[in-house]
Each structure stands twice: as C-alpha cells, then as structure tokens.
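*Asks:* Make a model of this:
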Amino acid sequence: QVQLVESGGGLVQAGGSLRLSCAASGRTFSTYTMGWFRQAPGKEREFVAAKGWTGGHTYYADSVKGRFTASGDNAKNTVYLQMDSLKPEDTAVYYCAASRRFGYPELLTEFDYWGQGTQVTVSS
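*Replies:* Coordinates of the predicted model:
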C-alpha cells in the first residue's frame, strides 16, 4: 500500500500562485508515476499533470500547460504542483495519485492510490 497526503491548498486571487505538496509513504518503490487530478463542483475528476517518480518526464493537461509545473523530491518522497497564473476555473479539490504504470497514464483507472484531496479556491 501507498499512502498519500496532500497539503498546500487555500484561497488565492486570480493571477496568484499556490504550491501543492504530496507526501508519499509505504511501498513507494512500487510507484512509477505520480499524478495530480482535480474535481470541481458538479464535474468529473480530471487529469491535471503527472511526473515519472524516478525519471524526469512530466506531462500536463492542455488547460494548465505553461502555468503549472510538476516536480518531486525523491529524498523526501514528496511531489509538488506549482500553480501559477491561477484562474477562477482552476477552483477545485486537487488530488494526488500514484500509479504502478510506466509511460504516460492519465486515466483515473490507471492510478492505484489516492490522497484525500486539498481545496484550491481562486477568486476573481
């Protein structure tokens, strides 16, 4: 099992920045890709970004490309999502997720472990 705990959410004005953190514990050696998803009220959970756990490849949803940056610190078993130029439409609960798959998983079903989520609210 892998346990994931997110932190760093909050309220920010449009144009501002936030950095989310996700601390992983447990059988992290079985994890190959770390992802970020979000779910706005009344909408389905959607892919935001992901990063290879030990590799350097990152990939993003088109809606956040150029504004969000996924990174990680293997020594701390922690991944981050730096969110800049935030927009009101970025308002959602953000979830960290871990996948045992290589490559570029993006589907919810491709991720095996999930955090509890952290609220991000962007005011206009």
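*Asks:* So, low pLDDT: which residues of the chain?
*Replies:* Scanning the chain with the threshold set as pLDDT under 70 gives 29-30, 55-56.
*Asks:* And the residue nearest the centre of it?
*Replies:* With distances taken as C-alpha atoms, centre = their mean, the residue of the chain nearest its centroid is Trp36 (2.2 Å).
*Asks:* which non-adjacent residue is nearest it?
*Replies:* Using C-beta to C-beta, 6 or more residues apart in numbering and skipping the chain neighbours, the partner closest in space to Trp36 is Val48 (4.3 Å). In this view, the C-beta of every residue, glycine as well, is placed from N, C-alpha and C.
*Asks:* Need phi/psi at the residue nearest to the centre of the chain.
*Replies:* phi -120, psi 130 (degrees, to the nearest 10).
*Asks:* Next, the contact list for it, please.
*Replies:* Neighbouring residues of Trp36 by C-beta atoms under 8 Å, 6 or more residues apart in numbering: 20, 22, 47-50, 68, 70, 81, 94-97.
*Asks:* need the strands for the chain, in chain order.
*Replies:* 2-7, 10-13, 18-26, 33-39, 46-52, 58-60, 68-73, 78-83, 92-99, 113-114, 118-123 (DSSP state E).
*Asks:* Next, the residues that contact the second one from outside, please.
*Replies:* The reference is to strand 10-13. Under the criterion C-beta under 8 Å, 6+ apart, residues 18, 86, 119-123 lie in contact with strand 10-13.
*Asks:* go again using 7 Å as the cut-off
*Replies:* 18, 86, 121-123 (C-beta atoms under 7 Å, 6 or more residues apart in numbering).
*Asks:* ok, so what distance separates Lys51 from Tyr104?
*Replies:* Applying C-beta to C-beta, to the nearest Å, one obtains 11 Å for the distance of Lys51 from Tyr104.
*Asks:* ok, now which ones touch Thr78?
*Replies:* So, once contact is read as C-beta under 7 Å, 6+ apart, Thr78 ends up touching 21-24, 72.
*Asks:* actually Phe102, not the one I wrote
*Replies:* When the contact criterion is C-beta under 7 Å, 6+ apart, the partners of Phe102 are Tyr32.
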